[in-house]
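**Student:** Build me a model:
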Amino acid sequence: MAVDVRRKIPSVDGLLRSDPARRASAYLGRSLVKRTLGDVLDEARRAAANGIEPPADEILLARALGRASRAAHGTVPVINATGVILHTNLGRAPLPERAARAVAHAARSYTDLEVDRVTGRRTTRGRNAELLLTAITGSESALVVNNCAAALLLAMSALAKGKQVIVSRGELIEIGGEFRIPDILSASGAKLVEVGTTNRTRLTDYRSALGDRTGAILKVHPSNYRMVGFTAAPTATDLATLARSRSIPFVYDIGSGLLHHGHGHPSDEPSVSDALTAGADLVTFSADKLLGGPQAGLVVGRADPIRRLRRHPIARAVRIGRMQIAALEQILAIVAAEREDELPVFRMLRDPPDVVRARAQRLSETIGGELEGARVVRSGSAVGGGSMPGTELPSWAVRLRVPNPDAFVARLRTGTPAAFARVQEDGVLLDCRTVADDEVPHLARAVWYALEGDDEHDGLHGDPDEG
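**Tutor:** Got it, this is the predicted structure:
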């Protein structure tokens, strides 16, 4: 009779009594160690139910203690060598030093978050950022919340709850984490009215859908994909004119947060200034994408609808925290002073290929110029973060030929310093467009640590075809 492999799995209490677990409990807390042990053992039981032999007790214990240690130490800085500039899983836009210092100051002391220091009276927490936004964009008013999805949810709740919102079928997009525009509209209490087809929507489609219960016209920029071929859509100006003729608001969610055109951005990437000029009553966008700031949702536009958003009960539920505000104020001040070169995202988007190549060459030499496998090769970077889809930036990378690329990048991710790279064919690419100059020696050190952890490694493998 076959033995149930689940019987081989130890108990939580049994592992908690081990010396490693006792030591970890003293440092990390018994409740955390117990919880991660329970999670790891539950995973082993589910695998065993499918006939998979459980690992040794020591391995189960190591997994649990490693998970507990990572939770206790929290989020750690990583080096982004993937070539994806706004990498959502890595936190999107890195902040400039000026903004980072503002966050630190706001974190460790009291701030004048909601008080006017001149009068001593209570005021709104986003007032400085909102003043900067109106100055930069020329809008009548502005509002700051905790992300762009929250901005859209608030706008639809305040302006169209219980009413119909007209949206093109080609703009019913899904953003990160399986959040979809129809779901946001449903949560706001508005009723979605789809018009047109996936690839072609005309102004007459919107006009035909208008009725007594229409609360708003919504235009959503598909910022995480690009539709090409047999397509058509009315302009923002046409939609604004139509909405104005019926005295209903026109809301334009541009998503990626491009304030103004220029600096090589694609012509089909909508900007905040263009949307306002077209006549949008409200424009919603993210702060942590092309703006290069912290996570936040920004709303600019006419004073009256923004006043309605500000007074809505959901506004408090989606308000932004003081550390995000501190960072956002500095980002907007940099933009207002036209010093965008201080923003890391701007630098990564604008670095000429020869500058990136020089950085890759320095990385290759720092890793070890005598190693045949560390070659500087052409690469292509992506903007990422639901911004400028289909746009590839010419880049340069260091290519490493290692016996097991997947295992190597796993060691890079879990090392100190931690680094993220990408596997391409039978090699590992360290794209230098997303690596800062001062990170080069640290990335080289991470590579060497990962190489030392490879029992099969006896030197990088040469690649005579690269150069």
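
**Student:** Look up which helix or strand residue 14 falls in, please.
**Tutor:** Under the criterion DSSP states H and E, the helix or strand holding residue 14 is helix 12-16.

**Student:** Would you indicate which residues of that helix are buried?
**Tutor:** 12, 15, 16 (16 or more other C-beta atoms under 10 Å). C-beta: built from backbone N, CA, C; applies to glycine.

**Student:** what does stretch 98-106 give?
**Tutor:** Those buried within stretch 98-106 under the rule 16+ other C-beta under 10 Å are 99, 102, 103, 106.

**Student:** for these, which one is nearest residue 415?
**Tutor:** residue 103 (26.1 Å; C-beta to C-beta).

**Student:** which residues are contacting the helix or strand that comes right after the helix holding residue 14?
**Tutor:** Where DSSP H and E defines the elements, the next helix or strand beyond helix 12-16 is helix 19-28. Applying C-beta atoms under 8 Å, 6 or more residues apart in numbering, the contact partners of helix 19-28 are 15, 16, 33, 34, 37, 61, 65, 68, 69, 72.

**Student:** out of those, which are inside helices?
**Tutor:** 15, 16, 33, 34, 37, 61, 65, 68, 69, 72 (DSSP state H).

**Student:** mind putting the residues you listed in TSV, pLDDT and distance to residue 308 included?
**Tutor:** Converted to TSV, the ones in helices among the contacts of helix 19-28 look like this (pLDDT from 0 to 100; distance: C-beta to C-beta, whole Å):
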residue	pLDDT	distance to residue 308
15	93	57
16	94	55
33	95	50
34	95	49
37	95	51
61	93	56
65	94	52
68	95	47
69	93	48
72	94	44
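
**Student:** just the buried members of these?
**Tutor:** 15, 16, 33, 34, 37, 61, 65, 68.

**Student:** With distance to residue 110 as added columns, please give the residues you listed in CSV.
**Tutor:** Supplementary listing: those in CSV, determined by distance: C-beta to C-beta, whole Å:
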residue, distance to residue 110
15, 44
16, 41
33, 35
34, 37
37, 40
61, 44
65, 38
68, 33
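
**Student:** from those, which is closest to residue 426?
**Tutor:** Nearest member of these to residue 426, counting by C-beta to C-beta, is residue 65, at 34.2 Å.

**Student:** need the contacts of helix 19-28 in CSV with distance to residue 189, can you?
**Tutor:** Below are those laid out as CSV (distance: C-beta to C-beta, whole Å):
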residue, distance to residue 189
15, 49
16, 49
33, 45
34, 43
37, 44
61, 50
65, 47
68, 42
69, 44
72, 41
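
**Student:** What are the phi and psi values at residue 109?
**Tutor:** The phi and psi values for residue 109, taken as degrees, to the nearest 10, are phi -150, psi 170.

**Student:** scratch that, residue 201 is what I was asking about
**Tutor:** Backbone geometry at residue 201, expressed as degrees, to the nearest 10, gives phi -130, psi 130.

**Student:** How about the contacts made by it?
**Tutor:** 168, 169, 170, 195, 232, 233, 234.

**Student:** Now that we're looking at the second one, what pLDDT does it have?
**Tutor:** It stands for residue 169. Here the pLDDT value assigned to residue 169 is 89.

**Student:** what's around it, how many residues?
**Tutor:** Residues lying near residue 169 (other C-beta atoms under 10 Å) number 14.

**Student:** mind listing what it touches?
**Tutor:** 194, 195, 196, 197, 198, 201.

**Student:** Among the residues you listed, name the buried ones.
**Tutor:** Using 16+ other C-beta under 10 Å, the buried ones in the contacts of residue 169 are 194, 195, 196, 201.

**Student:** So which of the contacts of helix 19-28 is the closest to residue 163?
**Tutor:** residue 72 (48.4 Å).

**Student:** For residue 308, which non-adjacent residue is closest in space?
**Tutor:** Nearest residue to residue 308, sequence neighbours excluded (C-beta to C-beta, 6 or more residues apart in numbering): residue 158, at 4.7 Å.

**Student:** Regarding the one you found, what is its secondary structure?
**Tutor:** Three-state call for residue 158 (DSSP: H, G, I helix; E, B strand; the rest coil): helix.

**Student:** rewinding a little: in TSV, list the buried residues of stretch 98-106 along with distance to residue 246, secondary structure and pLDDT.
**Tutor:** TSV is the format used below for those (distance: C-beta to C-beta, whole Å; DSSP: H, G, I helix; E, B strand; the rest coil; pLDDT from 0 to 100):
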residue	distance to residue 246	secondary structure	pLDDT
99	42	helix	97
102	44	helix	96
103	44	helix	96
106	44	helix	95
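
**Student:** which among the residues you listed gets closest to residue 287?
**Tutor:** The closest of the buried residues of stretch 98-106 to residue 287 turns out to be residue 99 (C-beta to C-beta; 11.0 Å).
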